[in-house]
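[1] sequence and predicted structure below; questions after.
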Amino acid sequence: MVAFGDVSCTLSPAVELIKNDLKKMGICMSKGQLITAGAVILFSVFSLVSVNAQQTADSKKSEPTMVYFGGDILTMRGAEPEYVESLVVKEGKIAFVGPLSEAKQIAGADAKGIDLKGKTLLPGFIDTHGHFVYFGKNLVDANLFG
């Protein structure tokens, strides 16, 4: 039983499921060993994520400023679709959307221009959450991404 303030939950069913899956793979561990291994894995994953986040933030500062233009740029702002003439990305973040003349001023002389040549630019969609229990399972699933 693990308690978080007024909420408590039992880890046994989840631990038993993982333990049974490990047995099927020929790995035998006690509950204590399994929980310790899980804690070590979680600590390692969170450590790697924090190091990677810092490296990503540092690398974005060195990315060139980009000005996208020449296509349908859809912002998804508001209830109705909104199209703009250009979009500026600075340090990995959208800094401006609007007329190309203003975008060039905001981006500066060193900005790299990307002509979309009539193609459509949409906001990115990133799933920012996951369930840790599926991490190992997903490692053995078929790679459908290339």
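    Happy to help now that I have it.
[2] for whichever strand or helix holds Ile73, buried residues please.
    Secondary structure assignment for Ile73, by DSSP states H and E: strand 66-74. With burial defined by 16 or more other Cβ atoms under 10 Å, the residues of strand 66-74 counted as buried are 66-71, 73. C-beta coordinates here come from the backbone N, C-alpha and C atoms, glycine included.
[3] doesn't Ala142 lie inside a strand?
    No. Counting by DSSP: H, G, I helix; E, B strand; the rest coil, Ala142 falls outside a strand, being coil.
[4] next, count neighbours for it.
    Residues within reach of Ala142, counting by other Cβ atoms under 10 Å, total 5.
[5] okay, strands next: where are they in the protein?
    For the chain, the strands defined by DSSP state E cover 2-4, 7-9, 66-74, 83-90, 93-98, 112-115, 120-121.
[6] can you count the residues close to Ile41?
    Ile41 has 13 nearby residues by other Cβ under 10 Å.
[7] show me which helix or strand of this protein is least confident by mean pLDDT.
    strand 2-4 (a mean of 42; mean pLDDT, DSSP states H and E).
[8] pipe the strands of the chain into CSV and attach distance to Lys104 per row.
    Formatted as CSV, those follow (distance: least, Cβ to Cβ, whole Å):
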stretch, distance to Lys104
strand 2-4, 52
strand 7-9, 54
strand 66-74, 6
strand 83-90, 8
strand 93-98, 10
strand 112-115, 8
strand 120-121, 17
